[in-house]
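In: what's the 3D shape of this:
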Amino acid sequence: MKYRQRGYRDTDRKQERDQDRRQEQEAREEARKVRHAMHRTASVVMRCADCGHQTPGQIEILPDTTCENCGSALHNCRNCRYFDTGARFECRQEIPKRIPSKTAGNFCDLYEARAVLDATGKRADKKAPNPRDAFDDLFKK
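Out: Numbering: from 1, shown residues only. All right, here's what the predicted structure looks like:
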């Protein structure tokens, strides 16, 4: 278009701009659908507060249970679901006295393992897709 000042064929430019915006929005929406379409698995796990090693959330944590990775005690305050640094005695439950070491194993009766949802992006199917096919699908018209 030769002249870009206001008022000169504004409707044509506005229509072109609106059409471009719609196309960009559709492309973004399509890319979002493709990105989120991958099926992923998620499982409940318990993470060690010291090293982050994951253990299945279904196992029972006894006072003498240790982490497979680092060997630290799993039955401690930092691995408990009631641990809160802002609460009294750093526990959201009513406890009679403060437990001095939050990382050492203890025999607290109120202990419940802090379970978290592990959704790290592992694919649900075991078969890995062919990278060449994925690339071709990306640029298919």
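In: can you tell me how far residue 57 sits from residue 114?
Out: Plainly put, residue 57 is 9 Å away from residue 114 if you go by C-beta to C-beta, to the nearest Å. For glycine as for every other residue, the C-beta is placed from the backbone atoms N, C-alpha and C.
In: Please, where are all the strands along this protein?
Out: Taking DSSP state E as the test, the strands found in the chain are 43-47, 54-56, 115-118.
In: So which elements touch the longest one?
Out: With contacts defined as 3 or more C-beta pairs under 8 Å, 6 or more residues apart in numbering; DSSP states H and E, strand 43-47 has these neighbours: strand 54-56, strand 115-118.
In: so which of the ones you listed gets nearest residue 105?
Out: strand 54-56 (15.2 Å; C-beta to C-beta).
In: related to what we said a few turns ago, let me know which of the helices and strands packed on strand 43-47 is the nearest to residue 108.
Out: strand 115-118 (17.0 Å).
In: From residue 45, how far off is the residue most central in space within the chain?
Out: Nearest residue to the geometric centre of the chain (C-alpha atoms, centre = their mean): residue 119, 5.5 Å. For residue 119, the distance to residue 45 equals 10 Å [C-beta to C-beta].
In: still on that earlier bit, can you work out which residues contact both of residue 57 and residue 114?
Out: residue 46 (C-beta atoms under 8 Å, 6 or more residues apart in numbering).
In: Please look at residue 81 and residue 113 and confirm they touch.
Out: Yes: with contacts counted by C-beta atoms under 8 Å, residue 81 reaches residue 113, the gap being 6.9 Å.
In: between these two, which one's more packed in?
Out: residue 113 (20 against 15; other C-beta atoms under 10 Å).
In: which residues are contacting stretch 43-51?
Out: So stretch 43-51 is in contact with 53-59, 61, 67, 69-70, 72, 74, 76, 78-79, 103, 113-118, going by C-beta under 8 Å, 6+ apart.
In: From the residues you listed, list just the buried residues.
Out: 54, 55, 57, 61, 67, 72, 74, 76, 78, 79, 113, 118 (16 or more other C-beta atoms under 10 Å).
In: Save those residues as a markdown table, and put in pLDDT and distance to residue 87 too.
Out: Formatted as a markdown table, those follow (pLDDT from 0 to 100; distance: C-beta to C-beta, whole Å):
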| residue | pLDDT | distance to residue 87 |
| --- | --- | --- |
| 54 | 83 | 26 |
| 55 | 81 | 25 |
| 57 | 72 | 23 |
| 61 | 84 | 21 |
| 67 | 87 | 25 |
| 72 | 87 | 23 |
| 74 | 87 | 21 |
| 76 | 88 | 16 |
| 78 | 88 | 14 |
| 79 | 87 | 16 |
| 113 | 84 | 18 |
| 118 | 77 | 26 |
